[in-house]
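Student: Pasting the sequence and the predicted model now:
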There are 2 protein chains.
Amino acid sequence: MSTVTRPPALRGDWARLAHATLSDVGHRSGAARASVIVVLEAAPCCLSAQEVVERAHERAHPVGVASSYRVLERLHSLELVRRIDLGDGVARYEAVNPGEHRHHHLVCIECGRIEPFEDARLERALHATTPPPGFSLIDHEVVMRVRCAVCGRDR
Amino acid sequence: MSTVTRPPALRGDWARLAHATLSDVGHRSGAARASVIVVLEAAPCCLSAQEVVERAHERAHPVGVASSYRVLERLHSLELVRRIDLGDGVARYEAVNPGEHRHHHLVCIECGRIEPFEDARLERALHATTPPPGFSLIDHEVVMRVRCAVCGRDR
DNA sequence: TTAGATGCAAAGATTTTGCAAGATC
DNA sequence: GATCTTGCAAAATCTTTGCATCTAA
């Protein structure tokens, strides 16, 4: 029986890495980009483009939806953020901290609550799960569908 | 090193089960429903609602998009089909044949090509990966992101 | 006959794109 | 000052819903 634990909330200096990488590739710095990066660094788990806009409005410089998508897509193409699809038709993004353990997500199919989790044995099995000849592996994504305590009560 | 193989294309009499279950729950039979079921049973892997409409038009009685979605959703709620999200913003559905090995999907991030795969070790690890207290497990979904031979050639 | 199934079209929701205005280098 | 970034609004998708019609039971 493997143990499922929450990943540590601590993260390294991801924002600095993100800005440095973007500069190296030749992109200019701007208010929207800075805001999205601040929000992503502070987030404990994945956020949708819309959620990034909301948090930016609350605790950083406001960002337009289009810019949110554009910055996220740029960070994604540089592998600075991971794009996650949990099955509700909304793309979510989270910072990829080099050296941090890979985590996956559990989702309540009733209320949509999301929690990160990591599991060493699962990670080893994924590492051993390689594609058939002719395909080169990029990565794996695991979604655990659950019912949370609140939603599971009445059934 | 675990072996990744394609699941058998053979399936049992899923269509009969689907119709029987729908009747048991009190639904009436109709042309759209029959068509969607025929298409799903014949499909070797997951299909989008739009693809179901296209195949129905080609090899069965034509079905409207709305009906495709409605029938698929109904089958999904009865756990006769699985809903799969591969990260391209399109929901896909595939028949769940009781007794058949659970399979997952690999997706080429360039061209979107999809292939089913199954892996015993991964399945055991998933079986052992349970949610934290307070959550009840429904199931796991694994997506393997790859680059296929064609798309990987030029890089 | 009656309630459910179906299809078309309109509405919703998410994501992308066009373009003018504002920053960065 | 030239070019990239940003934001608004329009467009493009995918999915759901309203409603009249058809149909199974």
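Tutor: Happy to help now that I have it.

Student: which phi and psi does the most centrally placed residue in chain A have?
Tutor: Among the residues of chain A, the one closest to the centroid is A:Glu94, at 2.3 Å (CA atoms, centre = their mean). The phi/psi pair for A:Glu94 (degrees, to the nearest 10) reads phi -150, psi 150.

Student: What strand or helix carries the residue in chain A that chain B sits nearest to?
Tutor: At 3.5 Å from chain B, A:Ala125 is the closest residue in chain A, using CB to the nearest CB. Glycine gets a C-beta too; all of them are placed from N, C-alpha and C. Taking DSSP states H and E as the criterion, A:Ala125 maps to helix A:120-128.

Student: Surely A:Ala20 is in a helix?
Tutor: Yes: according to DSSP: H, G, I helix; E, B strand; the rest coil, A:Ala20 belongs to a helix.

Student: what about it, how many neighbours?
Tutor: 11 (other CB atoms under 10 Å in any protein chain shown).

Student: now swap in the one 4 residues further on and tell me
Tutor: By other CB under 10 Å, 9 other residues sit near A:Asp24.

Student: picking up where we left off before, can you tell me how far the residue lying closest to the residue nearest to the centre of chain A once chain neighbours are set aside sits from DNA strand C?
Tutor: In this structure, A:Glu94 finds its nearest non-sequential neighbour in A:Cys46, 4.0 Å apart by CB to CB, 6 or more residues apart in numbering or on different chains. Plainly put, A:Cys46 is 11 Å away from DNA strand C if you go by CB to the nearest atom of the strand, to the nearest Å.

Student: got the contact list for A:Cys46?
Tutor: If a contact means CB atoms under 8 Å, 6 or more residues apart in numbering or on different chains, then A:Cys46 has A:82, A:84, A:92-94, A:105, A:114 as its contacts.

Student: Next, it: phi, psi?
Tutor: The phi/psi pair for A:Cys46 (degrees, to the nearest 10) is phi -60, psi 150.

Student: And it, how close does it get to B:Ile114?
Tutor: According to CB to CB, to the nearest Å, A:Cys46 and B:Ile114 sit 23 Å apart.

Student: now do A:Gly89
Tutor: A:Gly89 is 18 Å from B:Ile114, by CB to CB.

Student: Compare those two (neighbour count), which wins?
Tutor: B:Ile114 (17 against 10).

Student: Give the buried residues for stretch A:109-118.
Tutor: Buried positions in stretch A:109-118, judged by neighbour count with 16 or more other CB atoms under 10 Å in any protein chain shown: A:109, A:113-118.

Student: typed the wrong thing, it's stretch A:100-107
Tutor: A:102-107.

Student: what's the most distant pair in the residues you listed?
Tutor: Using CB to CB, those span at most 17.3 Å, a distance reached by A:Arg102 and A:Val107.

Student: quick check, distance from the lowest-mean-pLDDT helix or strand in chain A to the centre of its chain.
Tutor: Using mean pLDDT, DSSP states H and E, helix A:149-152 stands out as the lowest-scoring helix or strand of chain A, at a mean of 88. Here helix A:149-152 is found 25 Å from its chain centre; the criterion is CA atoms, centre = their mean, to the nearest Å.

Student: Same question for stretch A:123-136.
Tutor: Its chain's C-alpha centre and that of stretch A:123-136 lie 22 Å apart, by CA atoms, centre = their mean.

Student: Now do it: everything it contacts.
Tutor: A:101-102, A:137, A:140, A:142, B:1-2, B:4-6, B:106, B:108, B:115, B:117, B:119, B:121-122, B:124-126, B:142, B:144, B:146-149, B:152.

Student: Now with 6 Å, please.
Tutor: The contact list for stretch A:123-136 (CB atoms under 6 Å, 6 or more residues apart in numbering or on different chains) reads A:137, A:140, B:1-2, B:4, B:106, B:119, B:121-122, B:125, B:146-149, B:152.

Student: now swap in stretch A:75-86 and tell me
Tutor: Contact with stretch A:75-86 is made by A:18, A:21, A:46, A:91-96, A:107, A:143, B:85, B:87, as judged by CB under 6 Å, 6+ apart.

Student: residues in contact with A:Glu141?
Tutor: So A:Glu141 contacts B:Val143 (CB under 6 Å, 6+ apart).

Student: From DNA strand C, how far off is it?
Tutor: With the distance defined as CB to the nearest atom of the strand, A:Glu141 ends up 15 Å from DNA strand C.

Student: One more: A:Ser29?
Tutor: Taking CB to the nearest atom of the strand, one finds A:Ser29 at 4 Å from DNA strand C.

Student: and if you look at A:His140?
Tutor: 21 Å.

Student: That residue: helix or strand, and which one exactly?
Tutor: Counting by DSSP H and E, A:His140 is part of strand A:136-147.

Student: ok so, going back, what pLDDT, on average, does the helix holding A:Ala125 get?
Tutor: Taken as a whole, helix A:120-128 has a mean pLDDT of 97.

Student: Off-centre distance for that helix?
Tutor: Centre-to-centre, helix A:120-128 and its host chain are 19 Å apart (CA atoms, centre = their mean).

Student: Having no further points to raise, I will conclude here.
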